[in-house]
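> Can you look at this prediction? I've put the sequence above it.
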Amino acid sequence: MSRPKDLKSKPKHGTFFPIRFSDLIRFVKETDLNDCFGNRIAIRLENRERTSEFGIPLADLVPEEELALYSVPEHISESAAKNAVIIACEELCMIQSRKNNFNSTKYSYFCAYLNENGTITITRKDVSVQRPKYRGTQKFSNAFGTKKRKVSETVLVTKIPNKGMESDALKRAPHETR
């Protein structure tokens, strides 16, 4: 039985993680986010500088593989960021689905964003990859590279978080997140 490969990063200067790593592990275990072997999925705490057209990235969920939580800029209040991440994680858990594609040319994952007006947007990114043809005269190292990669993003849910709404899985112990 292998352990998931977690990534626990420190926040960059001017950013913070709204939820502790241990609280995120508890949330994943309580919501039964498992891989295809029944183990819990990997958790990543990452710093991401780019914003999207939908806002500041909060989290990504690759079904049956990993949950990534991104650091949030310090100009956002701690309580607002924590509530937004809790709501985003709960929404991602509810809408996750796995499409089986045995040749790995198409896959989907889900993203959560926080807009400047406080709304949370959940999107699905569909990735389609075209592999090049491998001919006998080519080097074998070129056989598994990608030729084309097409990404399309679809908005699934837009939510406005309530001030007093928190999940039982993530609010148990009062703590300092910075």
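That came through fine. Numbers count the residues shown, from 1 in each chain.

> residue closest to the middle of this structure?
residue 60 (1.3 Å; Cα atoms, centre = their mean).

> which ones are touching that residue?
Applying Cβ atoms under 8 Å, 6 or more residues apart in numbering to residue 60 gives the contacts 66-68, 70, 109-112. (Each C-beta comes from the backbone N, C-alpha and C, glycine too.)

> and if we set it to 7 Å?
Residues near residue 60 by Cβ atoms under 7 Å, 6 or more residues apart in numbering: 68, 109-111.

> Tell me which two in those are the farthest apart.
68 and 110 (10.7 Å; Cβ to Cβ).

> quick one on the thing from earlier: just give me the closest of the contacts of residue 60 to residue 90.
For the contacts of residue 60, the nearest to residue 90 is residue 110 (12.3 Å; Cβ to Cβ).

> pretty sure the closest one is touching residue 91, no?
No: Residue 110 is not in contact with residue 91 according to Cβ atoms under 7 Å; the separation is 8.6 Å.

> what's the overlap in contacts for the two?
In contact with both residue 110 and residue 91: residue 122, using Cβ under 7 Å, 6+ apart.

> mind listing the strands for the protein?
7-8, 15-16, 42-46, 56-62, 66-70, 72-73, 106-114, 120-130, 148-159 (DSSP state E).

> In TSV, list the ones you listed along with mean pLDDT and distance to residue 82.
Shown next, in TSV, are the strands of the chain (pLDDT from 0 to 100; distance: least, Cβ to Cβ, whole Å):
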stretch	mean pLDDT	distance to residue 82
strand 7-8	88	18
strand 15-16	94	10
strand 42-46	94	14
strand 56-62	93	11
strand 66-70	94	11
strand 72-73	94	9
strand 106-114	90	11
strand 120-130	89	13
strand 148-159	85	15
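
> possible to save these as a markdown table with distance to residue 86?
Output for those, formatted as a markdown table (distance: least, Cβ to Cβ, whole Å):
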| stretch | distance to residue 86 |
| --- | --- |
| strand 7-8 | 19 |
| strand 15-16 | 15 |
| strand 42-46 | 15 |
| strand 56-62 | 10 |
| strand 66-70 | 11 |
| strand 72-73 | 13 |
| strand 106-114 | 11 |
| strand 120-130 | 10 |
| strand 148-159 | 11 |
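
> Quick one: neighbours of residue 71, just the number.
Neighbours of residue 71 under the rule other Cβ atoms under 10 Å: 23.

> Setting aside sequence-adjacent positions, which residue approaches it most closely?
Once flanking residues are discounted, residue 71 sits nearest to residue 15: 3.9 Å by Cβ to Cβ, 6 or more residues apart in numbering.

> Please tell me how far residue 129 sits from residue 118.
35 Å (Cβ to Cβ, to the nearest Å).
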